[in-house]
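Trainee: A predicted structure for the sequence below; I have some questions about it.
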Amino acid sequence: MSPIASVCIDPEYFDVGADGRLTMVPGSADLRDILYFGTPGTETFAKADYPWLSRIFVQVQAGGGGAAGARANAGQLVAQPGGTGGGYAERLIDASALGAAETIVVGDAGTAGTPTVDGGNGGNSSFGGLCTANGGFGGQTVMPSGATPVCYSGTAGPTAGIGDLAQGGGPGGGPLRLSGDQGQSGEGGESRLGHGGWQRASSGGGGAGRGFGGGAAGALARDGDSVNGTPGGAGIVIVWLFA
């Protein structure tokens, strides 16, 4: 009689059926679809729409902070700090842990401030209560009009939310004034799925973020100019579906 062969298998990925056949564990490797929720607001994920679902991988990016505007007197300069990047979180979730319907929230961009008003905070993003990310903070109107050298600290980013991996957003850069004619605003904070806006060294609103969740750079005004700030970047929620 021939000897019976035996093998060791990884039970996370393989299974041996009653008939002796080696098969893949459902959900261990089969990506079926990817859902992108990029419009700020609320959506619903219904588990019954995917009867074959085994697990999901969720990426949650919050909105970035907007930046303040700036107003300078004649012969003077004002530069403002940047808004921060939005937080990010991700999580691998078994279908058995999902409710029949899970609420998806996509965080909106932080609003742009007017010449004397702070930038708005970015909105939180989440997938139910299972994965959450905190929105970025808006840049504030910290620098008064003047012509003497001065600098200010940047804007601290938000703390981490909930997930297998969760992190806060990048800080907004601080502004600097060298004289009534020379200075630089703060750059926007980075996010996991986006980049912060570029800083200004001439009159105008700071650069807008790229991608998702980046913070806006601060505005700069000089010699009587009055300028508005820049909005942050909106968030996004991405859901990977495995059979």
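Mentor: That came through, no problem.

Trainee: lowest-confidence helix or strand of this protein?
Mentor: For the chain, using mean pLDDT, DSSP states H and E, the weakest element among its helices and strands is strand 22-24, scoring a mean of 64.

Trainee: Give the pairing partners of the next helix or strand after that one; include direction for each.
Mentor: Tracing the chain past strand 22-24, the next element assigned as helix or strand by DSSP states H and E is strand 31-37. In the sheet, strand 31-37 lines up against strand 236-242 (antiparallel) (DSSP bridges).

Trainee: which residues are contacting the partner strand?
Mentor: Strand 236-242 has contacts (C-beta atoms under 8 Å, 6 or more residues apart in numbering) with 27, 29-38, 43, 45, 50, 53-61, 104-106, 125-127, 193, 212-213. The C-beta positions use only the backbone N, C-alpha and C, and glycine is treated the same way.

Trainee: where does this structure dip in pLDDT?
Mentor: Under the criterion pLDDT under 70, the flagged ranges of the chain are 1-15, 17-29.

Trainee: run the last query once more with 80
Mentor: Scanning the chain for pLDDT under 80 picks out 1-29.

Trainee: quick one: contacts for the residue nearest to residue 182 when sequence neighbours are not counted?
Mentor: The spatial neighbour of residue 182 that comes closest, neighbours along the chain excluded (C-beta to C-beta, 6 or more residues apart in numbering), is residue 77 at 7.4 Å. Counting by C-beta under 8 Å, 6+ apart, residue 77 touches 145-147, 177, 179-183, 220-223.

Trainee: Sitting in helices, which of these do you find?
Mentor: With DSSP state H as the criterion, helices contain none of the contacts of residue 77.

Trainee: before we move on, the earlier item: going through the contacts of strand 236-242, which ones are buried?
Mentor: Among the contacts of strand 236-242, those classed as buried by 16 or more other C-beta atoms under 10 Å are 27, 37, 45, 50, 53-61, 104-106, 125-127, 193, 212-213.

Trainee: quick one, helices of this structure?
Mentor: In the chain, no segments count as helices under DSSP H.

Trainee: got a list of contacts for stretch 197-209?
Mentor: Applying C-beta under 8 Å, 6+ apart, the contact partners of stretch 197-209 are 64, 67, 69, 79-80, 82, 85, 112, 173, 182-188, 191, 194-196, 214-223, 225, 227-233.
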